[in-house]
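# generate coordinates for the sequence data below:
(one chain, ligands or ions: 1)
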Amino acid sequence: MYFCLMPDFYKILLKNNREWVAAKLKEDPEFFTKLAHGQSPPLLWIGCADSRVPANEIIGARPGEVFVHRNIANMVVHSDMNMLSVLNYAVRVLEVKHVIVCGHYGCGGVVAAMTNQHYGLIDNWLRHIKDVYRLHNKELDAIADEKTRQRRFVELNVIEQVYNLCKTSSVQEAWEEKRSLQVHGWVYDVANGIIKDLEVTACDDKDIPHYYRYDF
Ligand code: CO
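Have a look, this model is predicted:
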């Protein structure tokens, strides 16, 4: 937060970088040399762009351990070439063993999608989240308390994005080839730092309706 108050804050970032490099080299003089040989992360993280949810930091992962894709409200939109390319590369080339969709309570995108407010261009992105509301409107409309309803909507949105991953040909192809690939749904609480596992892990195509399945 204090960065914003400093006119040359970007210079501080560069200074921080040099200090980080020095600290890493002190720990391990080969740190960067080893990373330069390539990456083999076991995990693809699909998270929200929110600045309070830095993927590596909250799970204690080091450089080289997490392949990351982030967008507003951690969405898996089936026509999003950016997400699909990241997913395909992670699954086919890097052969990650886990894909984690991590949402977070208090997500601005999810909260906005619960309102009727018009925000501009982003309305079109938030529409995908409104579609999740439509799928679960009975459950959500029955929750009287707004905060509780928001939190449940965050969870249901993550669960739907896990299903959306299962519907992709990249994930189904990996399962068809009997490769070990698990898709998980998590929610991070920005108020206490704790991650909740929604326990919707998918590791095969048995729960995918027939019309979403591909023959390979
Ligand atoms: Co968010």
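
# which strands and helices lie in contact with the helix or strand containing E139?
Under the criterion of DSSP states H and E, E139 resides in helix 137-141. In terms of contacts (3 or more CB pairs under 8 Å, 6 or more residues apart in numbering; DSSP states H and E), helix 137-141 is packed against helix 146-166. The C-beta positions use only the backbone N, C-alpha and C, and glycine is treated the same way.

# just the buried residues of the helix it packs on, please?
149-166 (16 or more other CB atoms under 10 Å).

# make sure V99 is indeed in a strand.
Yes - if the criterion is DSSP: H, G, I helix; E, B strand; the rest coil, then V99 is within a strand.

# next up, the contacts around it.
V99 makes contact with L43, L44, I46, L87, A90, V91, L165, V171, L181, Q182, V183, H184, according to CB atoms under 8 Å, 6 or more residues apart in numbering.

# and the protein, which residues reach the ion?
Within the chain, the positions lying close to the ion (CB under 5 Å from the ion) are C48, D50, C107.

# is the second one in contact with Y105, as I believe?
Read that as D50. No - counting by CB atoms under 8 Å, D50 stays clear of Y105, with 10.7 Å between them.

# which sections of the protein are below the confidence cut-off?
Applying pLDDT under 70 to the chain picks out residues 1-7.

# okay, helices next: where are they in it?
9-27, 31-35, 55-58, 81-88, 108-113, 123-135, 137-141, 146-166, 169-176 (DSSP state H).

# domain parsing of this protein, as residue ranges.
8-38, 39-212 (automatic domain parsing).

# circling back to that earlier point, out of the contacts of V99, who's nearest D215?
Closest approach to D215 among the contacts of V99 (CB to CB): V171, at 15.1 Å.

# mind listing what the closest one touches?
Residues in contact with V171 (CB under 8 Å, 6+ apart) are L87, V91, V99, L165, L181, V183.

# what do you get for V190?
Listed by CB under 8 Å, 6+ apart, the contact partners of V190 are D50, R52, V53, H104, Y105, G106.

# just the buried residues from those residues, in ChimeraX please.
One line in ChimeraX is enough to select the buried ones among these; burial here means 16+ other CB under 10 Å:
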select :50,53,104,105,106
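
# mind putting the contacts of V190 in CSV, distance to Y10 included?
Formatted as CSV, those follow (distance: CB to CB, whole Å):
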residue, distance to Y10
D50, 21
R52, 21
V53, 22
H104, 27
Y105, 31
G106, 28
